[in-house]
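Trainee: fold the following and give me the result.
(one chain, ligands or ions: 1)
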Amino acid sequence: MAKVAREQWSSKLGFILAAAGSAVGLGNIWKFPYVAGENGGAAFILLYLLCIAIIAMPVLVAEILIGRTTQRNPVGAFKQLSGKPFWVAVGGMGILAGFMILSFYAVVSGWSLGYIVEAIAGKFYDFNEIGSSGAHFTNLTQSVVWNVGYFAAFMALTMLIVYYGVQNGIERGSKIMMPLLFILLIILMIRGLTLDGAERGIDFLFNPDWSVITGKTVLVALGQAFFTLSLGMGAMLTYGSYMSKKDNIPISALDIIILDTLVALISGVVIFTAVFATGENPNVGPGLIFHTLPIVFTKMPGGIFFAVLFFILLSIAALTSAISLLEVVVAYFVDDKNWSRHKAVIVFGFFTFLLGIPSALSFNVLADFKIFGLTFFGLMDYISSNILLPLGGLFISIFVGWVWGFNKAVPNLKQGAEKLFDNYPWMLTLWKIFIRYFAPVLIFLVLLNALGLI
Ligand code: TRP
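Mentor: Predicted coordinates for the structure are as follows:
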């Protein structure tokens with residue numbers, strides 16, 4: 001297939017920022033606190049950190065490596081490296097997962113957009129009573145028009161950016177927005193820590209109660225590790241495919257992980273100091289940050305200003321993640337099916353919107369419609385985050401550790417990282433052991449255990 005030269009990131013920083021932009025999103029600020037809240041706090045967080053260090057880190061390196069070596073989308077990459085239908089299907093599963101994740105992710109992103117308007121409209125002045133902010137959130141999400149409307153608006157924004165090509169928009173935007181979001185989170189953390197009763201939040205976050213941990217919890221921790229790093233479905237692979245051979249993969253992976261983990265932990269402190277200081281319940285599920293943060297803003301000088309800024313930045317963080325989800329699907333149809341970028345964006349943006357509608361309705365008309373005890377929204381999240389992503393990670397590690405062959409993988413990994421591996425050869429040994437044995441075996445055990453098979 002004749003191909004135009006593929007776009008690349010304009011600089012080393014470009015890749016790190018775009019990949020960090022994909023990683024840092026609702027997963028850190030919205031999902032991490034509520035999932036930790038539902039799963040007992042500190043013990044869950046330790047498991048999550050362990051999953052990041054011993055499973056997600058080597059898999060992240062593997063994903064970026066496959067992408068950079070092949071310069072292709074997930075399906076094209078496996079076609080090029082193996083050609084076996086099974087591995088091509090693994091790439092296809094990633095594309096499916098991306099599609100499913102985006103469909104509910106954009107619903108929550110819509111809430112964030114909607115909260116910009118709530119903040120500007122001054123709604124956050126009334127939340128001094130326990131429960132009032134939560135009730136406000138419930139009211140909003142019970143409105144079909146509000147929920148579907150902002151969801152549609154967010155999808156339109158995502159499509160617009162991917163439509164105009166990723167490079168300028170994402171790279172440039174991320175350079176300004178991500179540091180700003182970081183600074184704002186630190187300000188909110190200071191506010192959180194100085195609330196009366198903040199220490200109970202810190203205790204909940206950092207003082208583990210191991211009795212709450214089950215096989216399911218470990219699976220949720222693993223799923224969260226994959227979700228927050230955009231791993232297991234080829235997003236990092238696709239971003240890696242635009243990376244230069246001169247760049248250092250392991251160091252870039254480490255940078256992404258450090259940034260992402262910091263944002264999650266800081267968000268945890270912001271939310272849980274507020275949850276306990278205000279007597280809210282840590283266990284309310286997906287609405288958690290929308291219940292608690294407005295109360296924090298109410299209690300801050302200049303609260304409205306910070307609230308507006310926060311929800312703008314949160315929406316942008318969500319946008320830099322959402323585009324990475326849509327980009328994977330689009331890249332596949334552009335690379336392998338010869339579609340124009342514009343057609344792929346419009347067709348798949350529209351399908352994602354359709355698939356997301358039942359998720360948007362899960363908070364109102366479909367609230368009582370449960371499959372395996374979950375709403376449609378919950379089911380989409382569970383299947384994609386907790387099943388498809390770990391499964392994708394399992395196959396990626398098996399592929400790199402056993403199928404592709406280290407004799408081909410390692411020279412590619414060394415490009416751009418010659419000095420690092422010359423100085424610290426044990427790093428390479430460690431990665432080989434982890435990607436070959438630790439990651440696949442652990443993921444496999446966690447999946448079996450959660451399915452009740454061991
Ligand atoms: N990592 C993003 C977040 O935490 C979400 C995301 C973007 C994602 N791309 C992904 C999750 C690919 C899984 C796979 O908000």
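Trainee: spit out the contact partners of Met155.
Mentor: Residues in contact with Met155 (CB atoms under 8 Å, 6 or more residues apart in numbering) are Ala106, Gly349, Thr352, Phe353, Gly356. Every C-beta, even on glycine, is put in place using the N, C-alpha and C of the backbone.
Trainee: now with 6 Å, please.
Mentor: Neighbour list for Met155: Ala106, Gly349, Phe353 [criterion: CB atoms under 6 Å, 6 or more residues apart in numbering].
Trainee: which helix or strand contains the first one?
Mentor: When you say that, I think you mean Ala106. Element membership for Ala106, per DSSP states H and E: helix 85-120.
Trainee: before we move on, what about the second one?
Mentor: Here Gly349 is covered by helix 341-361, with elements defined by DSSP H and E.
Trainee: go ahead and name everything in contact with that helix.
Mentor: Counting by CB under 6 Å, 6+ apart, 102-104, 106-107, 147-148, 151, 155, 159, 162-163, 329-330, 333-334, 376-377, 380 sit against helix 341-361.
Trainee: just the buried residues of those residues.
Mentor: With burial judged by 16 or more other CB atoms under 10 Å, the buried subset of these is 102-104, 106-107, 147-148, 151, 155, 159, 162-163, 329-330, 333-334, 376-377, 380.
Trainee: what about the residue in the stretch 301-450 of the chain positioned nearest to the ligand, how many residues nearby?
Mentor: Going by CB to the nearest ligand atom, the ligand is nearest to Ser321 of the stretch 301-450 of the chain, at 3.8 Å. Counted by other CB atoms under 10 Å, the residues lying close to Ser321 total 26.
Trainee: so which of the contacts of helix 341-361 are in helices?
Mentor: The members of the contacts of helix 341-361 that map onto helices under DSSP state H are 102-104, 106-107, 147-148, 151, 155, 159, 162-163, 329-330, 333-334, 376-377, 380.
Trainee: SS state for the residue of the stretch 301-450 of the chain closest to the ligand?
Mentor: Following DSSP: H, G, I helix; E, B strand; the rest coil, Ser321 is assigned to helix.
Trainee: so for it, what's the pLDDT?
Mentor: Looking at Ser321, its pLDDT stands at 93.
Trainee: tell me who's in contact with it.
Mentor: Shown in contact with Ser321 (CB under 6 Å, 6+ apart): Ser22, Gly25.
Trainee: repeat that for the one 5 residues further on.
Mentor: Contacts for Leu326 (CB under 6 Å, 6+ apart) come out as Thr158, Val162.
Trainee: work out for me the element it sits within.
Mentor: Assigned by DSSP H and E, Leu326 falls in helix 303-337.
Trainee: re the thing from before, and the contacts of Met155 as CSV, adding pLDDT and distance to the ligand?
Mentor: CSV is the format used below for the contacts of Met155 (pLDDT from 0 to 100; distance: CB to the nearest ligand atom, whole Å):
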residue, pLDDT, distance to the ligand
Ala106, 98, 11
Gly349, 96, 16
Phe353, 97, 17
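Trainee: now, which of these sits nearest Ile183?
Mentor: Ala106 (26.2 Å; CB to CB).
Trainee: quick one: mean pLDDT for stretch 156-176?
Mentor: 77.
Trainee: end-to-end on it?
Mentor: Its start and end residues considered, stretch 156-176 measures 22 Å (CA to CA, to the nearest Å).
Trainee: likewise for stretch 406-423?
Mentor: Terminal residues of stretch 406-423 are spaced 20 Å apart (CA to CA).
Trainee: next: stretch 183-201.
Mentor: Distance across stretch 183-201, first residue to last, is 21 Å (CA to CA).
Trainee: and the closest residue to the ligand within the chain, what is it in contact with?
Mentor: The minimum distance from the chain to the ligand, using CB to the nearest ligand atom, falls at Gly27 (2.1 Å). Gly27 makes contact with Phe227, Thr228, according to CB under 6 Å, 6+ apart.
Trainee: just the pLDDT for it.
Mentor: Reported pLDDT for Gly27: 96.
Trainee: try Asn147
Mentor: Model confidence at Asn147 (pLDDT) stands at 97.
Trainee: next one: the one 3 residues further on
Mentor: According to the per-residue confidence, Tyr150 scores 98 in pLDDT.
Trainee: check contacts around the spatially closest residue to it that is not a sequence neighbour.
Mentor: Nearest residue to Tyr150, sequence neighbours excluded (CB to CB, 6 or more residues apart in numbering): Gly110, at 3.3 Å. By CB under 6 Å, 6+ apart, the contact list for Gly110 reads Tyr150, Phe151, Phe154.
Trainee: surely the second one meets Ser109?
Mentor: No: Phe151 is not in contact with Ser109 according to CB atoms under 6 Å; the separation is 7.8 Å.
Trainee: circling back to that earlier point, turn the contacts of Gly110 into CSV, including distance to Asp126.
Mentor: Shown next, in CSV, are the contacts of Gly110 (distance: CB to CB, whole Å):
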residue, distance to Asp126
Tyr150, 21
Phe151, 26
Phe154, 26
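Trainee: cross-check these against the ligand and keep the overlap.
Mentor: Checking those against the ligand by CB under 6 Å from any ligand atom, not one of them is in range.
Trainee: Tyr424: which of those residues is nearest?
Mentor: Phe154 (43.0 Å).
Trainee: could you pull up the residues touching the closest one?
Mentor: Phe154 sits next to Ala106, Ser109, Gly110, Leu113 when contact means CB under 6 Å, 6+ apart.
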